[in-house]
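# No sequence on hand, only this structure:
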């Protein structure tokens with residue numbers, strides 16, 4: 001549940017051992033409204049657990065414009081060797097977990 005509309009930044013604590021195992025699929029929605037369509041989250045290679053930001057598209061966009069209220073985040077498997085054990089959503093663009 002987001003207290004206010006605004007720009008948010010998603011981080012995940014991931015382990016992605018190889019270039020063939022370094023991505024997820026991610027989507028944000030509010031009810032039936034899709035806020036971010038199903039998109040690739042390419043984490044890069046991380047052989048140990050590390051925090052990595054969601055960066056989208058060739059521009060590597062980090063900011064997500066999200067409304068206030070209940071938001072559903074979906075993270076799906078894209079490559080079977082990629083792992084995630086924590087996520088953090090923040091409105092602070094300078095925050096690094």
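On my side now, so go ahead. Given the structure is predicted, the values throughout are model-derived calculations rather than measurements.

# which ones are touching residue 47?
Neighbouring residues of residue 47 by CB atoms under 8 Å, 6 or more residues apart in numbering: 15, 17. Glycine gets a C-beta too; all of them are placed from N, C-alpha and C.

# For the helix or strand it falls within, buried residues please.
Assessed by DSSP states H and E, residue 47 sits inside strand 46-53. Neighbour-count burial for strand 46-53, counted by 16 or more other CB atoms under 10 Å, picks out 46, 52, 53.

# quick one: which of those is nearest residue 22?
Distances from residue 22 to the buried residues of strand 46-53, taken as CB to CB, are shortest for residue 46 (7.7 Å).

# how about the nearest residue to the closest one, chain neighbours excluded?
Leaving aside its sequence neighbours, residue 46 sits nearest to residue 16 (CB to CB, 6 or more residues apart in numbering; 4.9 Å).

# thought residue 10 was touching residue 89?
Yes - the criterion here is CB atoms under 8 Å, and residue 10 meets it with residue 89 at 5.4 Å.

# Neighbour count: these two, which is higher?
Comparing residue 10 with residue 89 by other CB atoms under 10 Å, the one with more neighbours is residue 10, at 23 against 15.

# if I look at the more buried one, how far off is residue 25?
Going from residue 10 to residue 25 by CB to CB, to the nearest Å gives 13 Å.

# rewinding a little: show me the common contact partners of residue 10 and residue 89, please.
residue 73.

# ok, of the buried residues of strand 46-53, which one's closest to residue 32?
residue 53 (27.5 Å).

# which residues touch the helix or strand residue 89 falls within?
If you go by DSSP H and E, residue 89 is part of strand 83-90. With contact meaning CB under 8 Å, 6+ apart, strand 83-90 is reached by 2, 8-16, 24, 49, 51, 73, 75, 95, 97.

# Drop anything exposed from these.
8, 9, 10, 11, 12, 13, 14, 15, 16, 24.

# May I have the beta-bridge partners of residue 87?
residue 12 (DSSP bridges).

# how much space is there between it and residue 63?
Residue 87 sits 16 Å away from residue 63, going by CB to CB.

# Over to residue 14?
20 Å.

# distance between the ends of stretch 15-34?
28 Å (CA to CA, to the nearest Å).

# That concludes my questions; thank you for your assistance.
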